[in-house]
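Give me a model of this one.
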Amino acid sequence: MREALPVTEAPSSTAAACALPGSPLAQVQAGIDACVHCGFCLQACPTYLALEDENDSPRGRIVLMRGLLDGDVTLNDPVVQQHMDRCLGCRACETACPSGVPYGQLLEATRATLRTVTETPFIARLILHVFASPVLLRLALRGGRTVRALGLTKLLAGLPGRAGAGMAMLASTQPVLRTRRYRASGDGERGAVALLTGCVMEGLQGATNAATERTLTVNGYSIVHATAQGCCGALHAHAGDLETARKLAKVNIAAFEKTPDAFIAVNAAGCGAMLKEYAHLLHHEPSWHARALAVGERTRDATELLAAAGPRPASLRTPLRVTYDAPCHLQHAQRITSPPLAVLNAIGNVTHVPLDDSDQCCGSAGIYNLIEPDVSDAVLAPKLRNIAQTGATLVVTGNPGCLMQIGAGLLRSGSKARVVHPIDLLDAAYAAEHAT
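Predicted coordinates for the structure are as follows:
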């Protein structure tokens, strides 16, 4: 285990008046004060492990946050900006922290405060603008599907830099299981479910959305549809664009209020974490805060609902060797660990090989892999080595960003292993059962 590097002592919270009164960062000062600088977060932090810089650890970044509030460093300090930009926001430090520091909230508040004096990189601004516009988003995703259907993604995946990585990520959204469609039936006794269709999930992985509805139906849920949904806002919140995130959140809250008696099923870990934290995002607006709480209380990861129902077992026709990689926003943000494994355990003819450091980030982190590609690749490298050691032909993970990041890494490294959503695997087993 790598020893912790020396850490600068945090200034006393009573030493000076707040240098940024009223800022998003000042509003979360209680979370900063909760940090006792114990260092348990260090070995959980992928950027600290990859870069070996204390300033690129949660503890080091919290020291910088306090420095901003105390006026010891300024918002336009490029060093502060660099270390905040390098954070993946994986929140593994929250799982490791004995003091309950809400690091994810601190990071978003810091980035929102920094945005008041520094400009977001062009690529990030462009992506966030597209995701905030339903029309542009539909066009972009339609274009992605077209490029994928023409077979250009695998052909161009070998290009250097962001272009090749982007093509490899797009190629990884292509379904890897040939599943015959079947008519799902169930009694609906477990209640109604409305699916968050999502952006990337509906636009590039619509087959997984359909599989989610089928598997939930087989396991006793009835499906209802919440219309007029939009982007969940997670990408914007993580980038510090809290204003846009709030606008997008309100659209989804209003959409799901049309199905008040239904669970809200989410098959993308990052989106699920976002919906569950809408109340924090809207804490300053009392009427919306109450409505956000109600939506968050109804939100479940799709594997949570399946695990609560069993899920009903079924077997694949062909044996498969798989390994499971836990999405950060499922394990660390939502603290959900056993439901995805329950889904895997319900599938016959599957050999599950544990993955070393499966709780470590893959380096995707929303759009991080496009903004900080070098650090992202450094974080992904040990993940790819561990996957290779399992001998698995399929890597199972429940978040589109992780699926695309790991899938791209496997494709560009020449590995024959591919990535699949756990629900797609369960759906394939149910399809095999209906075909007999």
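
Report the contact partners of K250.
L282, W288 (Cβ atoms under 8 Å, 6 or more residues apart in numbering). Just so you know, the C-beta spots here come from the backbone N, C-alpha and C atoms, and that holds for glycine as well.

where's E108 relative to A273, distance?
From E108 over to A273 the distance is 12 Å, taken as Cβ to Cβ, to the nearest Å.

let me fix that: G414
Taking Cβ to Cβ, one finds G414 at 33 Å from A273.

which of the two has more neighbours?
The residue with more neighbours, out of G414 and A273, is A273; 26 against 6, by other Cβ atoms under 10 Å.

Tell me the first helix or strand C-terminal of the host helix or strand of the more buried one.
Assigned by DSSP states H and E, A273 belongs to helix 269-276. Proceeding N to C from helix 269-276, the next assigned helix or strand is helix 278-281, under DSSP H and E.

ok, residues contacting the helix or strand following that next one?
Counting by DSSP H and E, the next helix or strand C-terminal to helix 278-281 is helix 286-298. Residues outside helix 286-298 that contact it (Cβ under 8 Å, 6+ apart) are 249-250, 252-253, 256-257, 262-264, 275-279, 281-283.

if we go to 6 Å?
Contact partners of helix 286-298, identified using Cβ atoms under 6 Å, 6 or more residues apart in numbering, comprise I253, F256, F263, I264, K276, Y278, A279, L282, H283.

What average pLDDT does that helix get?
Helix 286-298 carries an average pLDDT of 97.

Can I get it in PDB? Just the C-alpha atoms.
The C-alpha trace of helix 286-298 is given here as PDB (Å, rounded to 0.1, in the frame of the first residue of the first chain):
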ATOM      1  CA  PRO A 286     -38.900  25.000  -0.800                       C
ATOM      2  CA  SER A 287     -41.700  24.000  -3.200                       C
ATOM      3  CA  TRP A 288     -39.400  22.200  -5.600                       C
ATOM      4  CA  HIS A 289     -37.400  20.700  -2.800                       C
ATOM      5  CA  ALA A 290     -40.500  18.900  -1.500                       C
ATOM      6  CA  ARG A 291     -41.400  17.700  -5.000                       C
ATOM      7  CA  ALA A 292     -37.800  16.500  -5.500                       C
ATOM      8  CA  LEU A 293     -37.800  14.600  -2.300                       C
ATOM      9  CA  ALA A 294     -40.900  12.700  -3.500                       C
ATOM     10  CA  VAL A 295     -39.300  11.800  -6.800                       C
ATOM     11  CA  GLY A 296     -36.100  10.700  -5.100                       C
ATOM     12  CA  GLU A 297     -38.000   8.400  -2.700                       C
ATOM     13  CA  ARG A 298     -39.600   6.600  -5.600                       C
END
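
Let the chain start at 723 from now.
Yes, from this point I'll number from 723; that puts the last item at helix 1008-1020.

got the buried residues for that helix?
Using 16 or more other Cβ atoms under 10 Å as the test for burial, helix 1008-1020 gives W1010, R1013, A1014, L1015, V1017, G1018, R1020.

Between all of the residues you listed, which two are separated the most?
The distance between the two most remote of those (Cβ to Cβ) is 15.9 Å, for W1010 and R1020.

just the contacts of helix 1008-1020 now: which is nearest L1077?
Looking across the contacts of helix 1008-1020 and measuring by Cβ to Cβ, the closest to L1077 is K998, at 25.4 Å.

check contacts around the closest one.
Contacts of K998 (Cβ under 6 Å, 6+ apart): G1018, T1021.

burial measure for D1099, as a count.
Neighbour count for D1099, taken as other Cβ under 10 Å: 17.

That one and N777, how far apart?
20 Å.

repeat for P1035
Distance, P1035 to N777, by Cβ to Cβ: 49 Å.

Those two: which has the busier surroundings?
Shown here are P1035 and N777; by other Cβ under 10 Å, N777 has more neighbours (21 against 13).

In terms of pLDDT, where does P882 sit?
85.

Likewise for G1131?
96.

Share the number of residues neighbouring it, please.
By the criterion of other Cβ under 10 Å, G1131 has 27 neighbours.

The residue nearest to T840 when sequence neighbours are not counted is in what secondary structure piece?
Spatially, and ignoring its direct neighbours in sequence, T840 is nearest to Q803 (5.8 Å; Cβ to Cβ, 6 or more residues apart in numbering). Q803 belongs to helix 800-807 when elements are defined using DSSP H and E.

what sits up against the following helix or strand past that helix?
Going down the chain from helix 800-807, the next helix or strand is helix 814-818, by DSSP H and E. The contact list for helix 814-818 (Cβ under 6 Å, 6+ apart) reads F762, C763, A766, C767, P780, Y825, H1054.

of those residues, closest to M891?
For the contacts of helix 814-818, the closest approach to M891 (Cβ to Cβ) belongs to H1054, at 22.2 Å.

Identify the residue spatially nearest to that closest one, adjacent ones excluded.
Closest to H1054 by Cβ to Cβ, 6+ apart is R813, at 4.2 Å.

separation between the residue nearest the centre of the chain and N1121?
Nearest to the geometric centre of the chain sits G992, at 3.0 Å (Cα atoms, centre = their mean). To N1121, G992 is 6 Å away according to Cβ to Cβ.

How far does the strand or helix carrying A959 sit from its chain's centre?
Assigned by DSSP H and E, A959 falls within helix 956-960. In terms of Cα atoms, centre = their mean, to the nearest Å, the centre of helix 956-960 is found 10 Å from the chain centre.

Helices along the stretch 823-972 of the chain, start to end?
In the stretch 823-972 of the chain, the helices defined using DSSP state H, counting those that start in this stretch lie at 825-836, 844-854, 856-871, 874-878, 883-893, 922-926, 928-940, 956-960, 964-978.

Just name the most buried of those helices.
Comparing these by mean neighbour count (mean count of other Cβ atoms under 10 Å), helix 956-960 comes out on top with a mean of 26.

tell me the average confidence for it?
Average pLDDT, helix 956-960: 97.

Show me what it is packed up against.
Applying 3 or more Cβ pairs under 6 Å, 6 or more residues apart in numbering; DSSP states H and E, we find helix 956-960 packed against helix 964-978, helix 991-998.

Show which residues not belonging to that helix make contact with it.
Here helix 956-960 makes contact (Cβ under 6 Å, 6+ apart) with G811, E830, L850, F853, T966, A967, G992, C993, M996, G1088.

Could you dump these into JSON lines with distance to P820 and pLDDT added?
Output for those, formatted as JSON lines (distance: Cβ to Cβ, whole Å; pLDDT from 0 to 100):
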{"residue": "G811", "distance to P820": "21", "pLDDT": "97"}
{"residue": "E830", "distance to P820": "22", "pLDDT": "97"}
{"residue": "L850", "distance to P820": "35", "pLDDT": "96"}
{"residue": "F853", "distance to P820": "36", "pLDDT": "96"}
{"residue": "T966", "distance to P820": "34", "pLDDT": "97"}
{"residue": "A967", "distance to P820": "29", "pLDDT": "97"}
{"residue": "G992", "distance to P820": "25", "pLDDT": "97"}
{"residue": "C993", "distance to P820": "29", "pLDDT": "98"}
{"residue": "M996", "distance to P820": "26", "pLDDT": "98"}
{"residue": "G1088", "distance to P820": "27", "pLDDT": "91"}
